[in-house]
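**Q** I'll drop the sequence and a predicted model, then ask my questions.
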Amino acid sequence: MSTRTDFPVLDFSRYKTDFDAFARDIFMASEEWGFFILTNHNIPNVDRMYELSTQFFDLPKDQKAEKTLDATMTGYDGKNLTAFAASEGVAFGMPAGRLFDKPNLPAWWTRPRLQEVEDFKASCYDISLNIMSCLAVQLGLERSFFDATHQHKDPGNPLKLIKYPRFEKQPDGIPRLSEHTDWGSITFVFTETPGLEMRDPEDQWTAVPTIPGGVVVNIADSMSLRTNKKLKSAFHRIRWDTVGVDKERLSIAYFVHPNNDAVLSDVTTDADPKEAKETAITYRDYLKIRLGLTFGSAREDGDAGVDFDTVDNATYERVKNLGIANYGAIESIQPEVST
Ligand SMILES: O=C(O)CCC(=O)C(=O)O
Ligand SMILES: [Fe+2]
């Protein structure tokens, strides 16, 4: 699959030197594609993160699986493969600076290593606020509009080191990475290996280019919902055809989440937020549903402690009616719901 030559690639150094035009370009890419690549982002220690990732995934399985993914999006994910992806990952959720508290992480993640992860997350967070300030200005809002609803606490922004490992045989019925949208506000993906594909403006699958030193940025569901779907949360996936059983791929994803109590309704109008609260879903509920859909099967195997039980039917129906994201998946999977 070829890459389109018009895939948006934007130079982050323009944030300082040419803010208005840069913000316009970020907005246009987010509106039309929902994806772009940011060069010159200057996020330090990306190589070091790959190093930590390689060292960790090389450990014996029982050492990696000492602590499996929990509802804070912290822990090892890959003890058993889920229907979501043929990959393994280790996620560092939690509010900023809290990884030391009581980390649901294998002991290999010592305090100095966790400090490196915290520092890396902090660098990503800063740039995520810069990117969201571009979106805010273009929406006619205050430059810092999105800061208050993205405080990096409750639930916090997870960083996830991901490895798509080699297999002796292709696992049955499991995609390399199933097509999905992300559920937060924006996502950063660092990788040096091609394979990621996205639904382009013409609704065709296209390869996301791999640009050394660049980071892929995509708009996720919450940001799309909060901008009345003006900004696009695009489907993306990885196929076995590109990242085959005999191939390996590493990526590092940083998921920017809105605060749990953020209401996922249009922020660009004067709609009364109280009224919106009654009809719209909060991020807390949306996250719960998406986590359940993605990791629920692992939980059934006793592999992940993601709490999926407290979603009531009405919330579930509202999510179906949002007409966004994994609508198909939401339709087809019958969760356990409390009544
Ligand atoms: O590994 C990648 O390139 C993308 C990962 C991804 O889309 C996700 O984990 O949501
Ligand atoms: Fe994704």
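**A** Looks like it arrived, so ask away. Ligands and ions are numbered 1, 2, ... in the order given.
**Q** top strand in this protein by residue count?
**A** When the chain is parsed with DSSP state E, its longest strand is strand 249-256.
**Q** and the residue of the chain found nearest ligand 1, how far is that from P212?
**A** Scanning the chain for the residue nearest ligand 1 gives S251, at 3.5 Å (criterion: Cβ to the nearest ligand atom). All C-beta spots, glycine's among them, are computed from the backbone N, C-alpha and C. Here S251 is placed at a distance of 14 Å from P212 (Cβ to Cβ, to the nearest Å).
**Q** ok, the two, which is more surrounded?
**A** The neighbour comparison of S251 against P212 (other Cβ atoms under 10 Å) goes to S251, with 23 against 6.
**Q** that one and L177 touch, don't they?
**A** No: S251 lies out of contact with L177 (Cβ atoms under 8 Å); the separation is 9.4 Å.
**Q** okay, and the common contacts of those two?
**A** Listed as contacting both S251 and L177 by Cβ atoms under 8 Å, 6 or more residues apart in numbering are 164, 196.
**Q** just to revisit the earlier point, where's the residue of the chain closest to ligand 1 relative to R4, distance?
**A** Relative to R4, and taking Cβ to Cβ, S251 is found at 21 Å.
**Q** quick check: residues of the stretch 51-200 of the chain near ligand 1?
**A** Residues of the stretch 51-200 of the chain found near ligand 1 (Cβ under 6 Å from any ligand atom) are 162, 177, 182, 189, 191, 196.
**Q** residues contacting the first one?
**A** When you say that, I think you mean I162. By Cβ under 8 Å, 6+ apart, the neighbours of I162 are 87-89, 250-253.
**Q** you'd agree T149 is up against N260?
**A** No: with contacts counted by Cβ under 8 Å, T149 stays clear of N260, the gap being 10.0 Å.
**Q** go ahead and measure how far the longest strand of the chain is from the middle of the chain.
**A** 8 Å (Cα atoms, centre = their mean, to the nearest Å).
**Q** what helices or strands is it leaning on?
**A** helix 46-57, helix 111-138, strand 159-164, strand 186-191 (3 or more Cβ pairs under 8 Å, 6 or more residues apart in numbering; DSSP states H and E).
**Q** could you tell me the angle between that strand and strand 159-164?
**A** 150 degrees (axes from the mean of the first three to the mean of the last three Cα atoms, to 10 degrees).
**Q** who's in contact with strand 249-256?
**A** By Cβ under 8 Å, 6+ apart, strand 249-256 touches 46, 49-50, 53-54, 73, 121, 124-125, 128, 132, 150, 157-164, 182, 184-193, 195-196, 220, 238, 243.
**Q** mind redoing it with 6 Å?
**A** Contacts with strand 249-256, where a contact means Cβ atoms under 6 Å, 6 or more residues apart in numbering, come from 49, 53, 124, 128, 157-164, 184-191, 193, 195, 243.
**Q** what subset of those residues is buried?
**A** Buried positions within these, assessed by neighbour count (16 or more other Cβ atoms under 10 Å), are 49, 53, 124, 128, 157-164, 184-191, 195, 243.
**Q** would you mind measuring from F35 to Y15?
**A** From F35 to Y15 the distance is 18 Å (Cβ to Cβ).
**Q** so those two - more neighbours on which side?
**A** Comparing F35 with Y15 by neighbour count (other Cβ under 10 Å), the higher total belongs to F35, at 26 against 20.
**Q** who does that one bridge with?
**A** Beta-bridge partners of F35, counted by DSSP bridges, are N218.
**Q** residues in contact with it?
**A** Residues in contact with F35 (Cβ under 6 Å, 6+ apart) are 198, 218, 234.
**Q** just give the nearest non-adjacent residue to the last one, would you?
**A** If the residues on either side of it in the chain are set aside, A234 comes closest to G34, at 3.7 Å by Cβ to Cβ, 6 or more residues apart in numbering.
**Q** okay, the one you found: pLDDT?
**A** G34 is assigned 98 on the pLDDT scale.
**Q** now swap in T3 and tell me
**A** For T3, pLDDT reads 82.
**Q** same thing with H152?
**A** Looking at H152, its pLDDT is 91.
**Q** any low-confidence regions in the stretch 201-339 of the chain?
**A** Applying pLDDT under 70 to the stretch 201-339 of the chain picks out residues 270-279, 296-312, 323-339.
**Q** which bits of it sit near ligand 1?
**A** Going by Cβ under 6 Å from any ligand atom, the residues of the stretch 201-339 of the chain near ligand 1 are 236, 251, 253.
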